[in-house]
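Following is a predicted model, sequence given first.
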Amino acid sequence: MATAHIESKKEDIAEVVLMPGDPLRAKYIAEEFLTDAKLVNTTRNMFAYTGFYKGKRITVFASGMGIPSIGIYSYELFKFYDVKKIIRIGTSGSFNKDIKLRDIILSTGSYSKTYFPYLLGTEDLSFVNSTPSLNEKIIKTANLMNISLKVGKTITSDVFDLYCVDINQFRSNFEGDYLAVEMESFALFYIAKLLNKEATCLMTVVDSLYDKDSLSSEDREKSLNEMITLALNSCL
């Protein structure tokens, strides 16, 4: 079978999917962490690979950036390919002074000012939880791997906050104890809720209003690798 956006056969996609935003990161994960990895989607250059991690069959499928893009791919994977679980793995920014560069965050739920749930499911929602049982597995795995994990609510924004004309005005839209801001999780969590599936999000903090340093490509890769191995081992 195929959809308007995915060329894969149904049997090409595993029940568990890791979803980075960047197609080239999907390629990197497949080459560096999976065995017997097979390229199963190239439509619109949104690369997807299915292979094995410690004997577990896993698909790594890129989502692109923003709510509309991840909304399309996660919906089609859940609805037409019988995917049961999606873990988004990505990067984020933060305007929480307690969050540092390289911190790994697990989102318990995402807040967003978007019409997405109303347009897709006729629901007026601004906050959606991720899947508690999936979060519990990730927290347990992080403890076993001795990985420090920040756990809490996050924000999904329709704009890249660093480009805002007035960052203080942007921040005023999101009152509360939020750990990080990114651009995809709300849609993923809502679609999982709508279709009775499981979803959560791990993210590595790569920029902060409280830290003017920037991560080198080497530092960023090392930090992302820790998050990737956490996600992979949580799938076991």
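Received the coordinates, thanks. Numbers count the residues shown, from 1 in each chain.

Please make it C-alpha for all contacts and neighbour counts, starting now.
OK.

Strands of the chain, start to end?
16-19, 35-41, 48-53, 56-61, 85-94, 104-111, 127-129, 150-156, 181-182, 198-208 (DSSP state E).

Reformat these as a markdown table; add mean pLDDT.
What follows is the strands of the chain, written out as a markdown table (pLDDT from 0 to 100):
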| stretch | mean pLDDT |
| --- | --- |
| strand 16-19 | 98 |
| strand 35-41 | 98 |
| strand 48-53 | 98 |
| strand 56-61 | 98 |
| strand 85-94 | 96 |
| strand 104-111 | 98 |
| strand 127-129 | 98 |
| strand 150-156 | 98 |
| strand 181-182 | 96 |
| strand 198-208 | 95 |
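
so which of these gets nearest Thr3?
Checking the strands of the chain against Thr3 by CA to CA gives strand 35-41 as the closest, at 11.2 Å.

wait, Lys137 sits on Asn233?
No. Counting by CA atoms under 8 Å, Lys137 stays clear of Asn233, with 9.5 Å between them.

What is the neighbour count of Arg171?
By the criterion of other CA atoms under 10 Å, Arg171 has 12 neighbours.

ok, now Gly109?
With other CA under 10 Å as criterion, Gly109 counts 24.

got the contact list for it?
Counting by CA atoms under 8 Å, 6 or more residues apart in numbering, Gly109 makes contact with 127-130, 152-154, 186, 189.

and with 6 Å instead?
Gly109 makes contacts with 128-130, 153, as judged by CA atoms under 6 Å, 6 or more residues apart in numbering.

partners of it in the sheet?
Listed by DSSP bridges, the beta-bridge partners for Gly109 are Asn129, Lys153.

what's the spacing between it and Ala199?
Distance of Gly109 to Ala199, computed by CA to CA, to the nearest Å: 10 Å.

okay, and the common contacts of the two?
Residues within reach of Gly109 and of Ala199 at once, by CA under 6 Å, 6+ apart, are Ser130.

Top of the contacts of Gly109 by number of neighbours, please.
Most neighbours among the contacts of Gly109, by other CA under 10 Å: Ser130, with 26 neighbours.

The helix or strand of the chain with the lowest mean pLDDT: how far from the chain's middle?
The weakest-scoring helix or strand in the chain, judged by mean pLDDT, DSSP states H and E, is helix 167-172 (a mean of 84). How far helix 167-172 lies from its chain's middle: 24 Å, per CA atoms, centre = their mean, to the nearest Å.

Save the strands of the chain as CSV, and put in distance to Ala26 too.
CSV is the format used below for the strands of the chain (distance: least, CA to CA, whole Å):
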stretch, distance to Ala26
strand 16-19, 8
strand 35-41, 10
strand 48-53, 7
strand 56-61, 6
strand 85-94, 10
strand 104-111, 19
strand 127-129, 25
strand 150-156, 21
strand 181-182, 18
strand 198-208, 15
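
Which of the ones you listed sits closest to Ser74?
strand 85-94 (7.8 Å).

and the angle from the closest one to strand 104-111?
If you take axes from the mean of the first three to the mean of the last three CA atoms, to 10 degrees, strand 85-94 sits at 100 degrees to strand 104-111.

Now do strand 85-94 against strand 198-208: the angle between them, please.
Strand 85-94 and strand 198-208 are oriented at 20 degrees to each other (the same axes, to 10 degrees).
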